[in-house]
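Undergrad: What follows is a predicted protein model with its sequence.
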Amino acid sequence: MADNRIIAALDVHSLDDMQRIVKMLGENISFYKVGMELFYSAGPDSVRYLKDQGKKVFLDLKVHDIPNTVDQSLRALVRLGADFMTLHGTGGEAMMLAAAEAVKNEAEKLQISSPQLLAVTVLTSFDERSWQQVGGAVPLKDAVKRLAILAKKSGIDGVVASPHEAMDIRKCCGDDFLIVTPGIRPAFAQINDQKRIATPAQALLCGASHLVIGRPIMKASDPALAVEKIIEEIQGV
Ligand SMILES: O=C(O)c1cc(=O)[nH]c(=O)n1[C@@H]1O[C@H](COP(=O)(O)O)[C@@H](O)[C@H]1O
């Protein structure tokens, strides 16, 4: 049976591929992520299909712009009825405040439940060296913590961060704050382009509320078996 803490990333190009995977994984996955690859290829129908199937949806479009543009863009997305949506925390306090307000207002206007907003902190494909390369002025870990605190103060429901920072964030942002961690690599999977990684059980033990898992499931020779192994690993954690 599904574990709601697992979010399977549907990083595929078409509705056909998406539907094939959703059918294959059946009741074992209840929460899916639609990211840029699928949304730019297949559009809002991808979200509608998943909602029709009774799945929870994390619409991960990582919005990043000036406050007014973010406000208007998120209002347009709210009507799709996703459960989680992302914006970049480095958009700053004014942008996050505008986003939180816009999403709440629009959901009220449409009389639907408000999606939860997540601020992306520092992408899991960064390590300390590549972070310094783009001008990171404080150590990566401190930057993530700072962005998480700012996100919480700005009315954002949680963050996307790596499992390496999850414990610090849990300590400073409390039990109700969502901590969604990509960079999840079960022992059987390849690391690919991820830098700050952990196994599913390790990430949850560090305080993650949800795990985003893409290629370890989608590229497995038997995706359904990969999901079963992950569910087994986190049982009791
Ligand atoms: O926002 C995200 O979901 C995200 C943030 C981040 O820092 N790192 C990250 O990998 N992601 C997403 O999480 C998924 C990870 O996929 P895999 O590396 O294949 O498990 C991809 O869809 C990424 O877009």
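TA: Yep, it's here.
Undergrad: rest of the way, CA atoms for contacts and neighbours
TA: Fine.
Undergrad: List, one by one, the residues from the chain near the ligand.
TA: Residues of the chain lying near the ligand by C-alpha under 6 Å from any ligand atom: 9, 11, 35, 60, 122-124, 160-161, 182-184, 212-216.
Undergrad: Buried members of the residues you listed into ChimeraX, please.
TA: The buried residues among those can be selected in ChimeraX (16 or more other C-alpha atoms under 10 Å) with this line:
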select :9,11,35,60,122,123,124,160,161,182,183,184,212,213,214,215,216
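Undergrad: so of the residues of the chain next to the ligand, which ones are in helices?
TA: 215-216 (DSSP state H).
Undergrad: Check this structure for its longest helix and report it.
TA: helix 92-110.
Undergrad: That helix: which residues count as buried?
TA: Within helix 92-110, the residues that qualify as buried are 92-93, 95-100, 102-104, 106-107, counting by 16+ other C-alpha under 10 Å.
Undergrad: Could you quantify the relative orientation of the helix or strand that it is followed by and helix 92-110 as an angle?
TA: The helix or strand immediately downstream of helix 92-110 is strand 116-120, counting by DSSP states H and E. Angle, strand 116-120 to helix 92-110, by axes from the mean of the first three to the mean of the last three C-alpha atoms, to 10 degrees: 160 degrees.
Undergrad: Using CSV, list the CA coordinates for the next helix or strand after strand 116-120.
TA: Per DSSP H and E, the first helix or strand lying C-terminal to strand 116-120 is helix 128-133. Extracted in CSV, the C-alpha atoms of helix 128-133 (Å, rounded to 0.1, in the frame of the first residue of the first chain):
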residue,chain,number,x,y,z
GLU,A,128,30.0,23.4,-1.7
ARG,A,129,32.4,24.0,-4.6
SER,A,130,29.7,24.8,-7.2
TRP,A,131,27.8,26.9,-4.7
GLN,A,132,30.9,29.1,-4.1
GLN,A,133,31.3,29.3,-7.9
